[in-house]
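Peer 1: 3D model of this:
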Amino acid sequence: MLPRLRNPAVVVNCETAGVGIIHSLSLEGIDIITVERDWPPTFGRFSRYPKLKLTYRPWRGETLVDALLRAQDLFEGKGILFPSTDRDLEALILGFDRLAARYCVPASPHIGMRIFEKNWQYELAERTGTPLPRHTRFLAGQQPDLYGFRFPLIIKPSSRAAAEGEETFRLRILDSPEALARCLEQIAREFPGRAFQIAENIPGEPDQLYTVGSYSNREGKVLRSYTGRKVTQYPYHHGMASVAESVELPKHVVESARALLEEAKFHGISQVEFKFDKRDGQYKLLEINGRSWLWVKLAAFSGVNLPLIQYYDLTDDPRVARAVAEPQRNDRFFVFDYHVKRNKLPSERQRIQQLRRSKTLIPAMDEPTDRWLRLAHRVVSTAKLLRR
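Peer 2: Here you go, the predicted structure:
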């Protein structure tokens, strides 16, 4: 019989970001358990790195928290949890009290579900003096005050968490007063009383979207931050990264992200996303993601291994000091080939070739050392592309 794992990293529902966490932790040989839904399948089960691979059945009423409570009998000590989607982070926040005895849950009970609320995030920015796009908050059914706002506008629900109620759209771009009126009428009818936010849509290409990724300890102190930017994304104007690169950011931008997280006393891995507004030269907050983001793997392969820092910190491993002190290298870039294929943009492929001349490619999923994962991802990606 194999020895029981002690204090394993537990990565849940490994889609692209989850695979990035696995590959980040594998750089130091951390013991990993995956806990994933059985359908639709995710990719952790195909990776060679996890020591244990467990599944649960949502279609039979089983939840992620149920599965984690079963899994606790298979290891010693505490499991260190790594969510990579909002849905899973929401489940861990709601199940915090049930899980805390055997798991380190990277979430802040005093923040709770507010971490998903754009309005709360912007209130935090106002308290810390972080630049924001012009915006206003309102409840569906109300008429927001948009005096002086410039089109196009972007409208978002303050939170899309399942606990908020019926699922709604991610965002909409409104190019005219007529489009605005139609949208306000629709949300008043379909989501009465729900909190929304309208902001000016900052002009600029995806390469003006900058990330400060951080790990904050249990006391809410930021231990380490990484900086990078998107190069392209899918969908191209408002989407998830298809190409990203590690870059240095002005110190005041990193300090703005730190101020936000420490004002909130946030705990865990986060992504604070800014957009550079060429009109006034400011980096303006777009949102705070309270978990690992899609291209967290690039941070790790650029020297800032946030999943490893979280693991060492929560297991009181003295190697955390070395991991925190590791300098960031800016000679790496990330490609999620599936999104590149979806975009079908010659200009995007040209950007990749340009980056190859000076930087090392870090693939999202097509990892040469993880061949079954590589094959599974190619099969699934091909099937998705053919279906579309």
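Peer 1: mean confidence for the longest strand along the chain?
Peer 2: Longest among the strand segments of the chain by residue count, using DSSP state E, is strand 222-234. For strand 222-234, mean pLDDT rounds to 98.
Peer 1: buried stuff in it?
Peer 2: By 16 or more other Cβ atoms under 10 Å, the buried positions in strand 222-234 come out as 222-234. In this view, the C-beta of every residue, glycine as well, is placed from N, C-alpha and C.
Peer 1: in JSON lines: the residues you listed, plus distance to residue 39.
Peer 2: Formatted as JSON lines, those follow (distance: Cβ to Cβ, whole Å):
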{"residue": "222", "distance to residue 39": "38"}
{"residue": "223", "distance to residue 39": "37"}
{"residue": "224", "distance to residue 39": "37"}
{"residue": "225", "distance to residue 39": "37"}
{"residue": "226", "distance to residue 39": "34"}
{"residue": "227", "distance to residue 39": "38"}
{"residue": "228", "distance to residue 39": "33"}
{"residue": "229", "distance to residue 39": "36"}
{"residue": "230", "distance to residue 39": "31"}
{"residue": "231", "distance to residue 39": "34"}
{"residue": "232", "distance to residue 39": "31"}
{"residue": "233", "distance to residue 39": "28"}
{"residue": "234", "distance to residue 39": "25"}
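Peer 1: farthest-apart pair in those residues, please.
Peer 2: The most widely separated members of the buried residues of strand 222-234 are 223 and 234, with 31.7 Å between them, by Cβ to Cβ.
Peer 1: all helices for the chain, in order.
Peer 2: In the chain, the helices defined using DSSP state H lie at 16-26, 64-71, 86-94, 96-99, 118-128, 177-190, 251-264, 296-301, 306-314, 320-325, 337-343, 346-356, 371-387.
Peer 1: how is this protein carved up into domains?
Peer 2: Annotated domains of the chain cover 5-112, 134-200, 206-387 [automatic domain parsing].
Peer 1: ok, of these, where does mean pLDDT dip lowest?
Peer 2: For those, the weakest mean pLDDT is recorded on domain 134-200, namely a mean of 93.
Peer 1: next, the distance between the ends of that domain.
Peer 2: One end of domain 134-200 to the other measures 6 Å (Cα to Cα, to the nearest Å).
Peer 1: same deal with stretch 146-154?
Peer 2: OK, stretch 146-154 end separation, Cα to Cα: 12 Å.
Peer 1: also stretch 286-302?
Peer 2: Stretch 286-302 has an end-to-end distance of 24 Å (criterion: Cα to Cα).
Peer 1: what are the buried residues along that stretch?
Peer 2: Within stretch 286-302, the residues that count as buried by 16+ other Cβ under 10 Å are 286, 288-302.
Peer 1: so how far is that stretch off the chain centroid?
Peer 2: Put simply, stretch 286-302 sits 5 Å off its chain's centre (Cα atoms, centre = their mean, to the nearest Å).
Peer 1: quick one, phi psi at residue 147?
Peer 2: Dihedral pair for residue 147: phi -60, psi 130, per degrees, to the nearest 10.
Peer 1: re earlier: can you tell me which of the helices of the chain is nearest to residue 5?
Peer 2: Comparing these by their distance to residue 5 (Cβ to Cβ), the top pick is helix 64-71, with 10.4 Å.
Peer 1: report how many residues lie close to the nearest residue to residue 374 once chain neighbours are set aside.
Peer 2: Spatially, and ignoring its direct neighbours in sequence, residue 374 is nearest to residue 366 (5.5 Å; Cβ to Cβ, 6 or more residues apart in numbering). Number of residues near residue 366 (other Cβ atoms under 10 Å) recorded here: 17.
Peer 1: residues contacting residue 366?
Peer 2: Residue 366 makes contact with 337, 374, 377, 378, according to Cβ atoms under 8 Å, 6 or more residues apart in numbering.
Peer 1: and if you look at residue 237?
Peer 2: 173, 206.
Peer 1: ok, now how distant is it from residue 280?
Peer 2: Distance, residue 237 to residue 280, using Cβ to Cβ, to the nearest Å: 21 Å.
Peer 1: returning to what we had before: strands paired with the longest strand of the chain, and their directions?
Peer 2: Using DSSP bridges, strand 222-234 pairs in its sheet with strand 209-216 (antiparallel), strand 240-246 (antiparallel).
Peer 1: those strands: which one's closest to residue 150?
Peer 2: Nearest of the strands paired with strand 222-234 to residue 150, taken as Cβ to Cβ: strand 209-216 at 19.7 Å.
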